[in-house]
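[1] this one's sequence-less:
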């Protein structure tokens, strides 16, 4: 492009899915009412984005790093270091960060009941993490948002351990999924020793009285060292911003040198402040040229196995984010381009992520329509761009790298 224009990526985490019988063979994305995403697909150009490179795990970390324009094969070093950056927790060159979930486990049957401890509040989570720190003073635990917390350890112990994300094993026995391999014994000991501290804590006793899931164990996973990433501005020649309720995305923004915008009402679940995110996006575009706006709710509904909740999350994303952002840009004096997509599928049938390509569509200045008629997995396969590596999408938006596929 000869002149800069405003670029926006709107990402509904985990929106993609598989066909579901009760939806007459449609996916939730195809079944949901999405006139604004359908317009982007119909009046723009799209295809399928392979956001998870072959052989890499289909996490939101890897997939969103791709969408932000970074090849995960070159720059990914683990999920927890990204969250550490968002939390303002510095990592030394020898430090290893671990994601530390507060989870609910059926202690008698040793079953993973809830990877989020009923989406425990940040205030309750902080009390529990402080209790664990008191029980093990040498442990470098850091409270985060809701069930998402952080452990930092010096040295490489546990770095190469095989750790399973807790949302991958909801309803399954935990014993076959505890950390294993090099350095795993200390991680297992820490997880098991958290149980007596947490089970009797007043926060959990009160949650039990209220019929809520108690946070009766910690779960360690997603470990890694601080990544070395070039700044977004150095790659693409523009300043940008990221808007998300999730520390993972905020941490990516920190390492990428993007402005990280906090929206006070953003929760990461269905009741998030959609309007606040839209306002923050449109305001940011008056001072930067790129905004990455992320909504977590469809993924959370998928992990919880809630079909109606997922459809509603997709509908709200379309109505309360996609539509207003398009309307705001159309009122502006700027030229603009908008891309919409999920990061990865989170099929309700398995309640965890898969690595399949996801539909994407782009609309705006200089983009000619293709054969997509709506925004869905099936229509994405008809898109004129075909299947592309996810990290190349940014290059397509700014017409660099290989530009638009023929």
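    Yes, it's here. Predicted model, so just to flag it, every value in this text is computed and none were measured.

[2] Could you pull out the helices in the stretch 1-150 of the chain for me?
    For the stretch 1-150 of the chain, the helices defined by DSSP state H, counting those that start in this stretch occupy 28-31, 35-43, 60-67, 72-75, 79-87, 122-135.

[3] Save those as JSON lines, and put in mean pLDDT too.
    Below are the helices of the stretch 1-150 of the chain laid out as JSON lines (pLDDT from 0 to 100):
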{"stretch": "helix 28-31", "mean pLDDT": "98"}
{"stretch": "helix 35-43", "mean pLDDT": "98"}
{"stretch": "helix 60-67", "mean pLDDT": "96"}
{"stretch": "helix 72-75", "mean pLDDT": "94"}
{"stretch": "helix 79-87", "mean pLDDT": "91"}
{"stretch": "helix 122-135", "mean pLDDT": "97"}
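
[4] could those helices be laid out in TSV, adding mean neighbour count and distance to residue 193?
    From N, CA and C alone the C-beta is placed, and that goes for glycine too. Compiled in TSV, the helices of the stretch 1-150 of the chain are given as follows (neighbours: other Cβ atoms under 10 Å; distance: least, Cβ to Cβ, whole Å):
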stretch	mean neighbour count	distance to residue 193
helix 28-31	25	40
helix 35-43	21	47
helix 60-67	27	27
helix 72-75	16	34
helix 79-87	26	20
helix 122-135	17	8
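
[5] Which among these is found nearest to residue 335?
    Nearest to residue 335, of all those, is helix 35-43, at 15.6 Å by Cβ to Cβ.

[6] If we go by neighbour counts, what in the longest helix belonging to the chain is buried?
    Assignment by DSSP state H gives helix 184-199 as the longest helix of the chain. For helix 184-199, the neighbour count (16 or more other Cβ atoms under 10 Å) marks 184, 187, 190-191, 194, 197-198 as buried.

[7] just checking, what packs against that helix?
    Judged by 3 or more Cβ pairs under 8 Å, 6 or more residues apart in numbering; DSSP states H and E, helix 184-199 is in contact with helix 122-135, strand 217-224.

[8] Residue 310 and residue 345 touch, don't they?
    No - Residue 310 is beyond contact range of residue 345, at 11.5 Å (criterion: Cβ atoms under 8 Å).

[9] So for those two, which sits in the more crowded spot?
    residue 310 (30 against 27; other Cβ atoms under 10 Å).

[10] where's that one relative to residue 143, distance?
    The span separating residue 310 from residue 143 equals 29 Å under the rule Cβ to Cβ, to the nearest Å.

[11] again, but for residue 383
    With distances taken as Cβ to Cβ, residue 383 is found 43 Å from residue 143.

[12] Looking at these two, which is more packed in?
    When residue 383 and residue 143 are compared for neighbours, residue 383 comes out ahead with 24 against 20, by other Cβ under 10 Å.

[13] residue ranges for the strands of the stretch 301-406 of the chain, please.
    Secondary structure of the stretch 301-406 of the chain (DSSP state E, counting those that start in this stretch): strands located at 336-341, 358-364, 387-389.

[14] In JSON lines, list these along with mean neighbour count.
    Formatted as JSON lines, the strands of the stretch 301-406 of the chain follow (neighbours: other Cβ atoms under 10 Å):
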{"stretch": "strand 336-341", "mean neighbour count": "25"}
{"stretch": "strand 358-364", "mean neighbour count": "26"}
{"stretch": "strand 387-389", "mean neighbour count": "18"}
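
[15] Which one of the ones you listed lies nearest to residue 117?
    With Cβ to Cβ as the criterion, residue 117 lies closest to strand 358-364 of the strands of the stretch 301-406 of the chain, at 28.8 Å.

[16] Each with direction, which strands does the closest one pair with?
    Strand 358-364 sits in its sheet next to strand 45-50 (antiparallel), strand 336-341 (antiparallel), going by DSSP bridges.

[17] now the angle from it to helix 35-43?
    80 degrees (axes from the mean of the first three to the mean of the last three Cα atoms, to 10 degrees).

[18] one step back: and of the helices of the stretch 1-150 of the chain, who's closest to residue 374?
    Closest approach to residue 374 among the helices of the stretch 1-150 of the chain (Cβ to Cβ): helix 35-43, 4.4 Å.

[19] which strands and helices sit next to that closest one?
    So helix 35-43, by 3+ Cβ pairs under 8 Å, 6+ apart, packs with helix 323-331, strand 336-341, strand 358-364.

[20] Near residue 25, how many other residues are there?
    Counted with other Cβ under 10 Å, the neighbours of residue 25 add up to 10.

[21] Test my guess that it contacts residue 31.
    No - checked against Cβ under 8 Å, the pair residue 25 and residue 31 is beyond contact range at 9.8 Å.

[22] hang on, the earlier thing: nearest to residue 174 among the buried residues of helix 184-199?
    Comparing those against residue 174 with Cβ to Cβ places residue 191 closest, at 9.1 Å.

[23] Low-confidence regions, the protein specifically.
    The model of the chain has pLDDT under 70 over residues 1-3, 400-406.

[24] quick one, domains of it?
    6-76+228-397, 85-224 (automatic domain parsing).

[25] So which of the ones you listed is the most surrounded?
    By mean neighbour count, with neighbours taken as mean count of other Cβ atoms under 10 Å, domain 6-76+228-397 ranks first of these at a mean of 21.

[26] And that domain, end to end?
    10 Å (Cα to Cα, to the nearest Å).

[27] do stretch 360-374 as well
    Using Cα to Cα, first and last residues of stretch 360-374 are 11 Å apart.
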